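Q: Sequence and predicted structure, then a few things I'm wondering about:
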Amino acid sequence: MNIKGPRGTQDILPGNSEQWQYVESTLMELCKRYNYKEIRTPIFEQTELFQRSVGDTTDIVQKEMYTFTDRGDRSLTLRPEGTASVVRSFVQNKVFGQPSQPTKYFYIGPMFRYERPQQGRMRQFYQFGIEALGSADPAIDAEVLALALNSYQELGLKSLKLVINSLGDNESRQQHREALIAHFAPYRTELCQDCQTRLDKNPLRVLDCKKDRDHPAMESAPSVLDYLNDYSRNYFNKVKVYLDTMGIDYVVDKNLVRGLDYYNHTAFEIMSDAEGFGAITTLSGGGRYNGLVEEMGGPETPGIGFAMSIERLLMALEAEGIQLPIDDTLDCYFVAMGDEAKTETVRLAYLLRKNGIQVDKDYLDRKLKAQFKSADRLKAKYVIVLGEQELAENKANVKKMTTGEQIEVSLDELVSYLKKELGGK
RNA sequence: GCGGUCGUGGCGAAGUGGUUAACGCACCGGAUUGUGGUUCCGGCAUACGUGGGUUCGAUCCCCACCGGUCGCCCCA
């Protein structure tokens, strides 16, 4: 067979899948503490959903979407991010009308972007994210940032940097936009090709251009923060106060601009400082998106959320040398000699498993010694040896692998003996 | 989409324009015919990414493509 998995995809095999499970369950447990509930939406949606929410001029929509036509000539797209679907679902299911607001969701699942793969960037990648819909209280912004940061801390990461900014509301943004165009217009031809188009379509994005980073006009560029109206400035200040209250460190970066169109007010990213982390340091990003629900046909509803890449989270763990506490041991392994004993281990294995004990056994008809080798490799805590002698006496030899000690246990007492030995099982 | 680099067995890794393509790990067996993780001995495998071209002959030279990897753009 020489069919390979599609470019930019990966198989997560045992040896790695345990880490994924550990990370995912840790994140879910954390969500429980913050009272965010899981939402599962389809992994494909009508293409229009992303065009309208993420924005036509964004890189995601312009060159990174996995779009295809189905047999009914509908244009569908593999979701490039999670917020659009969540908002669509919120509106479609009229969740806004339900009693307990705000609505607090989390999701974990694959996202798809058609890009050239490299470290920390896959065509199919996994995101964990949360969305809080229905509240314009800056305290919930702070809650979202706290949860984002906690997600990493919970797994032991230390080298983290929280960067925040405010993009302001529509009025503030409009004024800032005009100021930006006026500011950069005289230098237009000195800017890179991309920035020249950005200047027309989305001047905000000029600010985070890496090519023109050192252009003198950058330093003197009008800051979003200077154009915030009273409401926006006040809102941002409160977010910062709440962060301070929780003792959360952050840096304000006035050039932090998010790549998607729907953001306003609070915008943030969490980056890794870790040594040897590679070119990509952004672990997660998010922000407020008041207006998006309305844009999707729902009532005026504020919202905020963030998303993180599980792949990058795992990279960060590795960069910081953090070993997750994963138990890869096996409770017990059956070693059988002879047909009768083999039949008996089939029965006993089933019995033990039904009693909550992890069991495996030989299926390759190997020699005793080789069976022990397998048990060792599988990190079995106990090996249960059954041969003709034992069978005749209705007993089994139970060997504790860590110490090498071995005792005879009556088959009738095997379950209770092992339960006791394994403790609490 | 652009650029650098790489592509030999399950994994890691030598190597050459020409009979059987090293080695290490892993795996299997034996030494110890009912006991593991050490040691010793032996064995094993549809391996030169794909397709063309040059050549008497290509794993090795050339081209294209595919894929990995790193970087750019941008992001998670």
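A: Happy to help now that I have it.
Q: in a strand, that's where A:Glu408 is, yeah?
A: Yes: counting by DSSP: H, G, I helix; E, B strand; the rest coil, A:Glu408 is part of a strand.
Q: For it, give me its contacts.
A: Taking C-beta atoms under 8 Å, 6 or more residues apart in numbering as the contact definition, A:Glu408 lies against A:Glu390, A:Glu393, A:Lys395, A:Ala396, A:Asn397, A:Val398. (Each C-beta comes from the backbone N, C-alpha and C, glycine too.)
Q: if we look at RNA strand B, which of those residues are close to it?
A: A:Glu390, A:Asn397 (C-beta under 7 Å from any atom of the strand).
Q: Mind picking the two most distant members of the contacts of A:Glu408?
A: A:Glu393 and A:Val398 (13.7 Å; C-beta to C-beta).
Q: who has more neighbours, those two?
A: A:Val398 (19 against 11; other C-beta atoms under 10 Å).
Q: Look up how far A:Ala370 lies from that one.
A: Distance, A:Val398 to A:Ala370, by C-beta to C-beta, to the nearest Å: 20 Å.
Q: isn't A:Asp59 right next to A:Gly259, touching?
A: Yes: using C-beta atoms under 8 Å, A:Asp59 is in contact with A:Gly259, at 6.5 Å.
Q: so where is the stretch 1-150 of chain A shaky, pLDDT-wise?
A: Within the stretch 1-150 of chain A, the ranges that satisfy pLDDT under 70 run A:1-2.
Q: Now with 50, please.
A: Applying pLDDT under 50 to the stretch 1-150 of chain A flags the ranges A:1.
Q: Let me see the ranges of the strands in it.
A: A:37-38, A:44-46, A:66-69, A:75-78, A:103-112, A:124-133 (DSSP state E, counting those that start in this stretch).
Q: most neighbours per residue, which of these?
A: With neighbours defined as mean count of other C-beta atoms under 10 Å, those peak in mean count at strand A:124-133, which reaches a mean of 23.
Q: what's the angle between that one and strand A:103-112?
A: Angle of strand A:124-133 versus strand A:103-112, following axes from the mean of the first three to the mean of the last three C-alpha atoms, to 10 degrees, is 160 degrees.
Q: what about the stretch 151-300 of chain A, any weak spots by pLDDT?
A: Using pLDDT under 50, nothing in the stretch 151-300 of chain A is flagged.
Q: mind listing the strands for it?
A: Under the criterion DSSP E, counting those that start in this stretch, strands of the stretch 151-300 of chain A are mapped to A:160-166, A:251-252, A:264-272, A:282-288.
Q: So what are the sheet partners of the last one and their directions?
A: By that I understand strand A:282-288. strand A:264-272 (antiparallel), strand A:303-309 (antiparallel) (DSSP bridges).
Q: for the helix or strand just after the shortest one, packing partners?
A: Using DSSP states H and E, the next helix or strand after strand A:303-309 towards the C-terminus is helix A:310-319. Here helix A:310-319 is seen to pack against helix A:17-34, strand A:124-133, helix A:138-153, strand A:264-272, strand A:282-288 when contacts are counted using 3 or more C-beta pairs under 8 Å, 6 or more residues apart in numbering; DSSP states H and E.
Q: Next, work out how far apart A:Met246 and A:Tyr263 are.
A: The value you get for A:Met246 to A:Tyr263, if C-beta to C-beta is used, is 23 Å.
Q: so who does A:Ile140 touch?
A: If you count contacts by C-beta under 8 Å, 6+ apart, A:Ile140 has them with A:Pro102, A:Ala132, A:Ile304.
Q: Please work out which residue of chain A is closest to RNA strand B.
A: Of all residues in chain A, A:Gly259 sits closest to RNA strand B, at 2.0 Å by C-beta to the nearest atom of the strand.
Q: and A:Glu294, how many neighbours?
A: Using other C-beta under 10 Å, A:Glu294 is surrounded by 14 other residues.
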